[in-house]
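1. I'll drop the sequence and a predicted model, then ask my questions.
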Amino acid sequence: MMWIDLIGFVGTALTIITYSLTTIIPLRIFAIAANIVFLFYGVVTQSFPLIAMSGILLPLNGWRLYQMLQLIREVDVASRSDLSMEWLRNYGTMRRYAAGEVIFRKGDPAGEMLHVESGLFRLLESGIEFRSGAIVGELGLLSPGNARTQSLECVESGQVRRISYSDLKQLYFQNPQFGFFFLRLISERLFENAEKAKET
């Protein structure tokens, strides 16, 4: 057996390992290693189809590995950041409310999340208050039948930005950092509601 045949078998073994892996980053690393080995094997044996295939797959797997590592970094940043949602000012429509006005009631159909721009708003059932920069109404996206889980009242006149759930879903899937951010927001709200329930 010639040494070049051993190189070919190494490439084959790396490819088999690639197909057996279940996690994406090791899979891409082994795929890149297999591409390099087969590219070398193709050059030595002058197998142009193999050179072409490996030459195309090598940068493709490298790019996919870079994207996955970038995604992991973005999620890591999101997991350590605060829950500010100021950048949502670019989305939705603005509406002003007067003190004493009820924005929505428990059980109402929910179709949008609210970003408080000014004023003071309170959930009637739990007493949780929201001022400028806060998010409210996001739980309706996950509740059974998309119904409001509490009633929201304007305590001090102000305005909110209304962001539809359809826009919210697009942001969730297009921006992994926002997706993780949103999961943290939901979790924090659920824990906050649980703590309020214990106090009553």
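-> That came in fine, so what should we check first? Nothing here was measured: the structure is a model prediction, and the numbers come from that model. Numbers count the residues shown, from 1 in each chain.
2. Please count neighbours and contacts with C-alpha atoms only from this point.
-> Noted.
3. could you say what helices and strands the longest helix seen in the chain packs with?
-> Counting residues, the longest helix in the chain under DSSP state H turns out to be helix 48-80. Contacts defined by 3 or more CA pairs under 8 Å, 6 or more residues apart in numbering; DSSP states H and E place helix 48-80 against helix 24-45, helix 176-199.
4. Which strands or helices does the last one pack on?
-> Right, helix 176-199. Checked by 3+ CA pairs under 8 Å, 6+ apart, helix 176-199 has helix 48-80, helix 165-174 packed alongside it.
5. Low-confidence stretches in this structure?
-> 1, 71-72, 74-90, 174-177, 193, 196-200 (pLDDT under 70).
6. ok, the residue minimising distance to the centre of the chain - contacts?
-> Centre of the chain computed as the mean C-alpha position; nearest residue by CA atoms, centre = their mean is Gly179, 2.5 Å away. Taking CA atoms under 8 Å, 6 or more residues apart in numbering as the criterion, Gly179 is in contact with 171-173.
7. do the same with Met113
-> Counted by CA under 8 Å, 6+ apart, Met113 has contacts 135-138, 162-165.
8. In three-state terms, label it for me.
-> strand (DSSP: H, G, I helix; E, B strand; the rest coil).
9. Columns distance to Arg105 on top of the helices and strands packed on helix 48-80, output as TSV?
-> As requested, the helices and strands packed on helix 48-80 are arranged in TSV below (distance: least, CA to CA, whole Å):
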stretch	distance to Arg105
helix 24-45	45
helix 176-199	17
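10. Tell me which of those sits most buried.
-> helix 24-45 (a mean of 19; mean count of other CA atoms under 10 Å).
11. ok, residues contacting that helix?
-> In contact with helix 24-45 (CA under 8 Å, 6+ apart) are residues 4, 7-8, 10-12, 14-15, 17-19, 21, 48, 50-51, 54-55, 57-58, 61-62, 64-65, 68-69.
12. centre of the chain versus it, how much separation?
-> Remark: helix 24-45 is offset 31 Å from the chain centroid, using CA atoms, centre = their mean, to the nearest Å.
13. same deal with stretch 103-122?
-> That offset, for stretch 103-122, works out to 23 Å (CA atoms, centre = their mean).
14. first vs last residue of it, how far apart are they?
-> 10 Å (CA to CA, to the nearest Å).
15. same deal with stretch 170-179?
-> 10 Å.
16. Where do the domain boundaries of the chain fall?
-> What automatic domain parsing lists as the domains of the chain is 3-80, 86-199.
17. so how far is the longest one from its chain's centroid?
-> Relative to its chain's centre, domain 86-199 lies at 18 Å (CA atoms, centre = their mean).
18. Put together CSV for the contacts of Gly179, with neighbour count and distance to Ile103 on each row.
-> Formatted as CSV, the contacts of Gly179 follow (neighbours: other CA atoms under 10 Å; distance: CA to CA, whole Å):
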residue, neighbour count, distance to Ile103
Leu171, 15, 24
Tyr172, 17, 25
Phe173, 11, 28
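19. which one of the residues you listed sits closest to Ser126?
-> Closest approach to Ser126 among those (CA to CA): Tyr172, at 27.1 Å.
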